[in-house]
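Visitor: Everything below, folded, please.
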Amino acid sequence: MKYRKLGRTGLDISVIGLGTMTWGFQNTQAEGFEQMDYALERDINFFDTAEMYAIPPSPDTFGTTESIIGNWFAARQNREKVILASKITGPGLAWIRGGDSVIDKKNIHLAVESSLKRLKTDYIDLYQLHWPNRSSYHFGKIWDFAPKFDAQAESDNFLEVLQTMQGLIQDGKIRHIGLSNETAWGITKWLQLAEQHNLPRMASIQNEYSLLCRHFEPDLSEISLHEDCSLLAWSPLTRGMLSGKYLDGARPEGARLTIETRPEHRVYAQTDAAIRKYVELAKKHDLDVCQMALAFVNDQPFVSSTLIGATNMDQLKSNIDSIDLELSDDIKTEIENIRRENPMPF
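Guide: Sure thing, here's the model as predicted:
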């Protein structure tokens with residue numbers, strides 16, 4: 001396994017991080033245990049979860065993934081071997097804290113205490129804001145995104161959140177903090193306020209990034225690199241679409257898009273066209289297309305960890321094996337040519 005720094009925290013996290021959001025819906029607790037056991041065997045030390053999981057989100061699955069991880073900690077007595085990340089849910093889901101889930105002092109305290117209880121631990125290594133209180137261009141909103149918000153009110157809220165996090169760090173309940181699904185304005189404002197007021201600094205930003213989704217470039221990647229705010233790349237296989245298994249509307253039994261209850265904003269003819277070209281490229285070089293896609297993300301200098309997810313052990317093993325794949329310059333050039341022809345598939 002390879003390791004990189006998590007921002008300025010001093011922590012070395014595995015370049016392959018274990019995503020967990022299927023546990024409690026697509027995967028049983030026993031399967032989650034098996035995945036975590038194997039990940040540790042392969043020297044993966046970074047696990048990512050969220051209070052909202054399992055996915056698809058629902059009142060029945062809320063918190064289930066954290067509970068599975070907590071049960072594993074209790075059974076294995078190995079909490080110290082894992083750098084654990086979790087997240088507080090942003091506004092928008094009616095069943096979370098009675099629909100009042102804006103990220104503020106009150107809800108942070110409620111969320112942290114509940115997560116600690118489910119996770120059966122005294123502390124969370126990296127506590128992240130799952131998405132901003134204000135609107136952003138993530139989750140398929142990029143085409144009609146028009147930022148409109150009260151910048152001063154947002155800044156005041158940011159300051160309250162940072163002060164709250166400082167208290168939790170002092171209490172030993174969390175160690176570091178991070179963002180998720182943020183924008184360039186957001187990340188710079190968070191970093192600016194932390195410096196101005198001597199408050200905890202955002203160590204990372206967890207945004208979608210893959211061969212098909214490169215919104216992180218160029219501006220966010222510049223900030224991430226030069227301000228030491230690590231990218232934790234989620235959906236590096238674009239919900240498994242890069243495997244080619246969903247081409248032409250195919251929906252394999254039990255697969256993520258087959259069971260998903262929410263509209264899928266990534267499914268378009270142009271998405272299929274791009275996927276076909278990446279599949280053909282992998283075949284041309286006798287590579288597994290998923291390993292090629294993961295190796296591309298692993299190789300980016302602004303990425304500290306590529307968050308993989310798997311619903312079976314064969315997928316998990318193959319995804320982890322991507323750490324040993326180095327793409328040739330010829331393949332990288334061909335990837336960029338495909339991107340120019342298919343710059344923004346969704």
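
Visitor: Can you report how many residues lie near residue 118?
Guide: A total of 20 residues lie near residue 118 under the criterion other Cβ atoms under 10 Å. Just so you know, the C-beta spots here come from the backbone N, C-alpha and C atoms, and that holds for glycine as well.

Visitor: scratch that, residue 244
Guide: 18.

Visitor: Excluding covalently adjacent residues, which one is nearest to it?
Guide: Counting by Cβ to Cβ, 6 or more residues apart in numbering, residue 244 lies nearest to residue 279, which is 4.7 Å off, once chain neighbours are set aside.

Visitor: Using PDB, write out every CA atom in the helix or strand harbouring the one you found.
Guide: Assigned by DSSP states H and E, residue 279 belongs to helix 269-284. Output in PDB follows, covering the C-alpha atoms of helix 269-284 (Å, rounded to 0.1, in the frame of the first residue of the first chain):
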ATOM      1  CA  ALA A 269     -26.100   8.800 -24.400                       C
ATOM      2  CA  GLN A 270     -22.900  10.900 -24.200                       C
ATOM      3  CA  THR A 271     -21.900   9.200 -21.000                       C
ATOM      4  CA  ASP A 272     -22.200   5.800 -22.600                       C
ATOM      5  CA  ALA A 273     -20.100   7.100 -25.500                       C
ATOM      6  CA  ALA A 274     -17.300   8.100 -23.200                       C
ATOM      7  CA  ILE A 275     -17.500   4.900 -21.200                       C
ATOM      8  CA  ARG A 276     -17.200   2.800 -24.400                       C
ATOM      9  CA  LYS A 277     -14.000   4.700 -25.300                       C
ATOM     10  CA  TYR A 278     -12.400   4.000 -21.900                       C
ATOM     11  CA  VAL A 279     -13.400   0.400 -22.100                       C
ATOM     12  CA  GLU A 280     -11.900   0.100 -25.500                       C
ATOM     13  CA  LEU A 281      -8.700   1.800 -24.300                       C
ATOM     14  CA  ALA A 282      -8.400  -0.600 -21.400                       C
ATOM     15  CA  LYS A 283      -8.900  -3.600 -23.800                       C
ATOM     16  CA  LYS A 284      -6.300  -2.200 -26.200                       C
END
